[in-house]
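> Turn this into a structure:
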Amino acid sequence: MRALYSRSARGSVSDLGEKALIRRIARWLGAASPKAPAGMGDDCAVLAPARGRELLTIDPVIAGVHFDGKVSPGDAGSKLVKRNLSDIAAMGGAPRAAVIALALDPRVSVAWLEAFMKGAARESRRHHVPIVGGDVASLPGGFVATLALTGEAAGRAVTRTGARAGDWIYVTGVLGRSLETGHHHAFRPRLAEGAWLAGRREVRSMMDVSDGLAKDLASLAPRGCVPALVEGAVPRRKGASLKEALGDGEDYELVFTLDKGAGRADFEAAWGRAFPSVRLSRIGSFVAVGAPPAGAVRLSDLKGYEHLRQA
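Here you go, the predicted model:
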């Protein structure tokens, strides 16, 4: 596997310099990056207006935080694009265009960076997302790639707010042990599923599971309510404990709430017809604070991932 840092100046980005590196990046991106003014080569990329509500998100991958030496540079580049696509999916939108900013140590290997950028380009082509520009800066001692992604919601944009007391909580896929299994970089963004859910009026709120379900559910909870989960209903990846399923994070699944008055059986049947290979689990509901039903999972001791507090 390629090493992030070159053993000598020869073969490192410092050997190329900024201008030559940018030319290489344009070549590595290939068809994923259109020509100016729709892409790289001008002060800004010129894009057509969105047809619906415009969405904007930004997320990085950081060496030593979001990937390590066990992850190939191509998979790390792919993850950069996909974790931003997951945010667009969580709003029920479709992606439009992206820019990538690189902050990197001068010792970063040109071969490693080529594989990283080609991984990002491969994912962008797969989802028809042009990479229209970016920036390169020096960061002694580290590597950070940040992607900003625009999207649009053809219908409504589903937000984290909107759930009410009694509403049902659902999650797609399975959870837990994302690092141990490689899921944290090998996942598939739930774009089609998110768009489908946005078209269902009984879906009240939605987000993606990135920092751990226990933490993320707090963002969906109506005022005065807490999630009451059924332990056996929480879908776990093989070998994952309940604690891991609720707290590990980087699952990139969708968690959403369904109107308590909706026909659950009809909704679940419709999901099964639309996405027969994607598991859907009803894991609980939102109840008033202080009134969880007997046997409900307690989430108070599970914090999920917090960037500035993680040891």
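
> Which parts of this protein are helices?
13-16, 18-29, 73-90, 110-126, 178-181, 183-186, 191-198, 213-220, 242-247, 264-274 (DSSP state H).

> could you dump those to JSON lines with distance to residue 207, mean pLDDT and mean neighbour count?
Quick note: C-beta positions are derived from backbone N, CA and C, even for glycine. Shown next, in JSON lines, are the helices of the chain (distance: least, Cβ to Cβ, whole Å; pLDDT from 0 to 100; neighbours: other Cβ atoms under 10 Å):
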{"stretch": "helix 13-16", "distance to residue 207": "36", "mean pLDDT": "94", "mean neighbour count": "18"}
{"stretch": "helix 18-29", "distance to residue 207": "30", "mean pLDDT": "96", "mean neighbour count": "16"}
{"stretch": "helix 73-90", "distance to residue 207": "5", "mean pLDDT": "98", "mean neighbour count": "26"}
{"stretch": "helix 110-126", "distance to residue 207": "21", "mean pLDDT": "98", "mean neighbour count": "22"}
{"stretch": "helix 178-181", "distance to residue 207": "16", "mean pLDDT": "96", "mean neighbour count": "17"}
{"stretch": "helix 183-186", "distance to residue 207": "17", "mean pLDDT": "98", "mean neighbour count": "20"}
{"stretch": "helix 191-198", "distance to residue 207": "10", "mean pLDDT": "98", "mean neighbour count": "21"}
{"stretch": "helix 213-220", "distance to residue 207": "6", "mean pLDDT": "94", "mean neighbour count": "21"}
{"stretch": "helix 242-247", "distance to residue 207": "15", "mean pLDDT": "96", "mean neighbour count": "20"}
{"stretch": "helix 264-274", "distance to residue 207": "18", "mean pLDDT": "98", "mean neighbour count": "13"}
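
> With respect to residue 162, which of those lies nearest?
Nearest to residue 162, of all these, is helix 213-220, at 8.6 Å by Cβ to Cβ.

> What is the closest one packed up against?
Applying 3 or more Cβ pairs under 8 Å, 6 or more residues apart in numbering; DSSP states H and E, one finds that helix 213-220 makes contact with strand 168-172, strand 203-209, helix 242-247, strand 253-258.

> how about a cut-off of 6 Å?
With contacts taken as 3 or more Cβ pairs under 6 Å, 6 or more residues apart in numbering; DSSP states H and E, helix 213-220 sits against strand 203-209, helix 242-247.

> Tell me how far the shortest one lies from the chain's centre.
A distance of 18 Å separates the C-alpha centroid of helix 242-247 from that of its chain, computed with Cα atoms, centre = their mean, to the nearest Å.

> same thing with stretch 111-129?
Using Cα atoms, centre = their mean, the offset of stretch 111-129 from its chain centre is 16 Å.

> residue closest to the middle of the chain?
Closest to where the C-alpha atoms of the chain average out (Cα atoms, centre = their mean) is residue 83, at 2.7 Å.

> Now do the same contact list for it.
residue 59 (Cβ atoms under 6 Å, 6 or more residues apart in numbering).

> same question, residue 93
Contacts of residue 93 by Cβ under 6 Å, 6+ apart are 55, 151, 152, 153.

> do you know how far residue 242 is from residue 138?
Separation of residue 242 from residue 138 (Cβ to Cβ, to the nearest Å) stands at 44 Å.

> Could I get the phi/psi values of the residue lying closest to residue 132 once chain neighbours are set aside?
Distances taken as Cβ to Cβ, 6 or more residues apart in numbering place residue 45 nearest to residue 132, at 3.6 Å, with adjacent residues excluded. The phi/psi pair for residue 45 (degrees, to the nearest 10) reads phi -90, psi 140.

> in stretch 95-111, what's buried?
95-110 (16 or more other Cβ atoms under 10 Å).

> can you tell me the distance between the two ends of that stretch?
29 Å (Cα to Cα, to the nearest Å).

> Please list the outside residues in contact with it.
Residues from elsewhere that reach stretch 95-111 (Cβ under 6 Å, 6+ apart): 2, 5-6, 11-14, 47, 85, 88, 127, 129-137, 139-152.

> circling back: CSV for the helices of the chain, including distance to residue 157?
Listed next are those as CSV, based on distance: least, Cβ to Cβ, whole Å:
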stretch, distance to residue 157
helix 13-16, 38
helix 18-29, 29
helix 73-90, 10
helix 110-126, 22
helix 178-181, 26
helix 183-186, 26
helix 191-198, 7
helix 213-220, 15
helix 242-247, 27
helix 264-274, 20
